[in-house]
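Asker: Any chance you can model this:
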Amino acid sequence: MSGRLTSAERALEPLLAAYRAAQREIVARIKGAVAAGELRTASGARLQLAAVLAVLDQLGAETDPEARRLVADAYREGADRAAGQAASLGVNTEDLSAFHGVSFEAVRALQDSVAGRLQDARRTIGRQAADVFQRAQRQAAVRALLGADGSPRTASRRMTEGLARQGRTGFVDRAGRRWALDSYADMAVRTITREAAVQGAIARMASHGITLARVSSHASACQLCAPWQGRLVSLDGTAGTTASGEDYIGLGDLPNGGPPMHPRCRHSLAPFAARVEGLQRELAAAGRL
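Answerer: As a prediction, the model looks like this:
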């Protein structure tokens, strides 16, 4: 089992490229406005802020629907992959009534989550751009009062460096980590699409009565995930031992309650059928496997 990407995750690049382009445009606008002295007046600052907000609004209009679609695609693909794995274990996967009963609400919640996180990031960048421009006006006023405008080139360079630095790392998430707009979007979208794939798999397994699953394994796993690779977990939160003597724990006992166990985590879950394991053991004992 590997942490291979779903086709929905591989299709993220155009959306993430749009965020990288917006990030570059915003930083360039800030640097250009400072260098040209356009932030020294309130009217100039308002015009520049309006331009930044327009970039962010256009970004949301172009990418939010795509983010929602990719999340739905990842959920369906995760469910389909789990169904194929379950079928290979001898589980009848033809009845989908239970699965469809929970899928709509689950997908909607995941779509709302990715859209909300991206919207929060754009709003935060917009507010911080306003703070940056207001601070530039105050600094210009103080320099004028102190007669410090005799070296505008030096002042412009210092302001450009400071404002561009904040423009690159302007978003602080709830955990206090600082991100640029594009890197935060990359983290949020990749994490939630992986979560969608895992949740689709869990829903499909549960709809067929499968209560045990195995955590995927892949090369170069991080220190947080490595101890849990290949671990058997129960979807219903119980702990116990299989007929073959393998211990399992509740899915919620894994970091972050299971894959994804951290931002950009690539791990997933594959179904494990105890009754199939028992049949395989009996066939092996009889020399038929």
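
Asker: rest of the way, CA atoms for contacts and neighbours
Answerer: Fine.

Asker: Next, give phi and psi for the nearest residue to L212 once chain neighbours are set aside.
Answerer: Excluding the flanking residues, the one nearest L212 by Cα to Cα, 6 or more residues apart in numbering is S234, at 4.4 Å. When read as degrees, to the nearest 10, the backbone of S234 gives phi -100, psi 140.

Asker: number of nearby residues for A130?
Answerer: Counted by other Cα atoms under 10 Å, the residues lying close to A130 total 19.

Asker: Give me the distance between it and W228.
Answerer: When Cα to Cα, to the nearest Å is the yardstick, A130 and W228 sit 44 Å from each other.

Asker: now the stretch 101-250 of the chain, which segments are flagged as low pLDDT?
Answerer: Low-confidence segments of the stretch 101-250 of the chain (pLDDT under 70): 101, 136-137, 139-176, 178.

Asker: Which stretches in it count as strands?
Answerer: Taking DSSP state E, counting those that start in this stretch, the strands of the stretch 101-250 of the chain run over residues 171-172, 178-179, 212-215, 232-234, 240-241, 247-250.

Asker: Would you reformat the ones you listed as JSON lines and include mean neighbour count?
Answerer: As requested, these are exported to JSON lines (neighbours: other Cα atoms under 10 Å):
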{"stretch": "strand 171-172", "mean neighbour count": "20"}
{"stretch": "strand 178-179", "mean neighbour count": "17"}
{"stretch": "strand 212-215", "mean neighbour count": "24"}
{"stretch": "strand 232-234", "mean neighbour count": "25"}
{"stretch": "strand 240-241", "mean neighbour count": "12"}
{"stretch": "strand 247-250", "mean neighbour count": "17"}
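
Asker: Using CSV, please lay out those together with distance to T63.
Answerer: Rendered in CSV, the data for those read as follows (distance: least, Cα to Cα, whole Å):
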stretch, distance to T63
strand 171-172, 18
strand 178-179, 19
strand 212-215, 31
strand 232-234, 36
strand 240-241, 44
strand 247-250, 36
